[in-house]
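Visitor: build me a model:
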Amino acid sequence: MTEILVDARGHRCPVPTLRLRRALEAAPAGAKVRLLADDPLARIDVPHFAAEVGAEVLERSEDGLALSFLVAKP
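Guide: As a prediction, the model looks like this:
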């Protein structure tokens, strides 16, 4: 299954998390969604949101410009 890419760079929280929520709701069970964000608050918001909905953060990285989260839908 391919990753679903959600590019929320340039947006402030809560927009990245809201876009991740929409993508997960539309995705089939077991799908993987990659969120790109450049708001530092996403470091806190995304893992908290994932735990709240039972999703799993599989991967988390930073390249200096953007944060990248790979989230699996339960």
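
Visitor: spit out the contact partners of the residue most central in space within the chain.
Guide: Centroid-nearest residue in the chain, with Cα atoms, centre = their mean: L35, separated by 3.8 Å. The contact partners of L35, by Cβ atoms under 8 Å, 6 or more residues apart in numbering, come to V6, A8, P16, R19, L20, A23, A42, V46, L67, S68, F69, V71. Any C-beta I mention is one placed from the backbone N, CA and C, and that applies to glycine too.

Visitor: one more time with 10 Å, if that's ok
Guide: Going by Cβ atoms under 10 Å, 6 or more residues apart in numbering, L35 touches 4-9, 16-17, 19-20, 23-24, 42, 46, 49-50, 57, 60, 66-71.

Visitor: also R60?
Guide: By Cβ under 10 Å, 6+ apart, the contact set of R60 is L35, A42, R43, V46, P47, L67, S68, F69, L70, V71.

Visitor: return the subset of the contacts of L35 lying in helices.
Guide: Mapping these onto helices (DSSP state H) picks out P16, T17, R19, L20, A23, L24, A42, V46, F49, A50.

Visitor: pipe these into a markdown table and attach distance to G30 and neighbour count per row.
Guide: Output for the ones in helices among the contacts of L35, formatted as a markdown table (distance: Cβ to Cβ, whole Å; neighbours: other Cβ atoms under 10 Å):
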| residue | distance to G30 | neighbour count |
| --- | --- | --- |
| P16 | 22 | 27 |
| T17 | 21 | 23 |
| R19 | 20 | 17 |
| L20 | 16 | 27 |
| A23 | 14 | 19 |
| L24 | 11 | 21 |
| A42 | 23 | 27 |
| V46 | 19 | 24 |
| F49 | 18 | 22 |
| A50 | 15 | 22 |
